[in-house]
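> Let's see this in three dimensions:
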Amino acid sequence: MKDNPAEELAFNMLQESMNSYFPLSSQTWQSLLDISFFEEVKKGDVICSINDIPKYFSFVYKGLLRSYIIDDKGKEYNKNFFDEGTYPGSMVALLTNSFSYFEIQALENSLIIHIDFKAYRQLLIKENDLKLFQIYYLEKNWLIHKDAREVSIVQDDAQERYEDFLSNYPSLGARLSQFHIASHLGITPTQLSRIRKKRQ
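Numbers count the residues shown, from 1 in each chain. Got it, this is the predicted structure:
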């Protein structure tokens, strides 16, 4: 039993999310509980800093986060957004035990679960059900989704990229500022404002 109702609900949601990719045994789930912890994150808080070596990846129970990079002129570019049911983390840095090249910041007050990556990798080697979860998750979220986004950035114009964004993230249009959406699409807020006016 977890310490508070929100924490218990968060872990229930994590279990449901993971089982939707591949069902985990009670033994594997208990092992995951042992390497995870719950945290309340305030708007503006950073859970992974640029040039830090991260130790955890996370799961969002409630709230909204972004991952972003900053160029040498100080301009921000939003890489991804993470709302409920998603798994933020600087995965390349975790896999290579190296410095993160982007930052993960809360855009809303959020409730998240952190999972110790080193312990998770050790568990992944031992448990076949967790291996299958990992395979199916990566296929859907890293291969299929990432490939579609990269093609869209190259081939689609700004209007099409915005329409794709609304289609892929229907709940985020009202939760994100114009600045954050424009940064994600690789356009200026002024361009986005023109696109929105055309749609009205």
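> all contacts plus neighbour counts: C-alpha atoms, from now on.
Will do.
> Tell me which helix or strand in the chain has the weakest average pLDDT.
Ranking every helix and strand in the chain by mean pLDDT, DSSP states H and E puts helix 145-155 at the bottom, with a mean of 54.
> ok, residues contacting stretch 21-38?
7, 15, 18, 111-116, 119-120, 123, 127, 129-130, 132-133, 136-137 (CA atoms under 8 Å, 6 or more residues apart in numbering).
> Just the buried subset of those residues, please.
7, 15, 18, 111-116, 119-120, 123, 129-130, 132-133, 137 (16 or more other CA atoms under 10 Å).
> Out of those, which sit inside helices?
Using DSSP state H, the members of the buried ones among the contacts of stretch 21-38 that fall within helices are Glu7, Gln15, Met18, Ala119, Tyr120, Leu123, Asp129, Leu130, Leu132, Phe133, Tyr137.
> State the pair within these that is farthest apart.
Spanning the widest gap among these are Glu7 and Leu132, at 26.0 Å by CA to CA.
> which regions of this structure sit below the pLDDT cut-off?
For the chain, the stretches with pLDDT under 70 are 1-3, 142-156, 200.
> For the residue nearest the centre of the chain, list the residues it contacts.
Centre of the chain computed as the mean C-alpha position; nearest residue by CA atoms, centre = their mean is Pro88, 3.1 Å away. For Pro88, the contact set (CA under 8 Å, 6+ apart) comprises Phe57, Ser58, Phe59, Val60, Leu65, Ser67, Phe82, Ile104.
> what about it, which SS state?
Each residue gets one of three states, and Pro88 gets coil by DSSP: H, G, I helix; E, B strand; the rest coil.
> Can you list the buried residues in the helix or strand harbouring Phe11?
Counting by DSSP states H and E, the element that carries Phe11 is helix 5-21. Neighbour counts over helix 5-21 (16+ other CA under 10 Å) mark Glu7, Ala10, Phe11, Met13, Leu14, Gln15, Met18, Asn19, Tyr21 as buried.
> Could I get the CA-only coordinates of it as PDB?
Taking Å, rounded to 0.1, in the frame of the first residue of the first chain, the C-alpha atoms of helix 5-21 are listed here in PDB:
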ATOM      1  CA  PRO A   5      -4.300   7.900  -2.500                       C
ATOM      2  CA  ALA A   6      -2.700   9.800  -5.400                       C
ATOM      3  CA  GLU A   7       0.500   7.800  -5.100                       C
ATOM      4  CA  GLU A   8      -1.500   4.500  -5.200                       C
ATOM      5  CA  LEU A   9      -3.500   5.700  -8.200                       C
ATOM      6  CA  ALA A  10      -0.300   6.700 -10.000                       C
ATOM      7  CA  PHE A  11       1.200   3.300  -9.600                       C
ATOM      8  CA  ASN A  12      -2.100   1.600 -10.700                       C
ATOM      9  CA  MET A  13      -2.000   3.800 -13.800                       C
ATOM     10  CA  LEU A  14       1.600   2.800 -14.500                       C
ATOM     11  CA  GLN A  15       0.800  -0.800 -14.200                       C
ATOM     12  CA  GLU A  16      -2.200  -0.500 -16.600                       C
ATOM     13  CA  SER A  17       0.000   1.400 -19.000                       C
ATOM     14  CA  MET A  18       2.700  -1.200 -19.000                       C
ATOM     15  CA  ASN A  19       0.300  -4.100 -19.200                       C
ATOM     16  CA  SER A  20      -1.300  -2.500 -22.300                       C
ATOM     17  CA  TYR A  21       2.000  -3.200 -24.100                       C
END
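> Many thanks, we can stop here.
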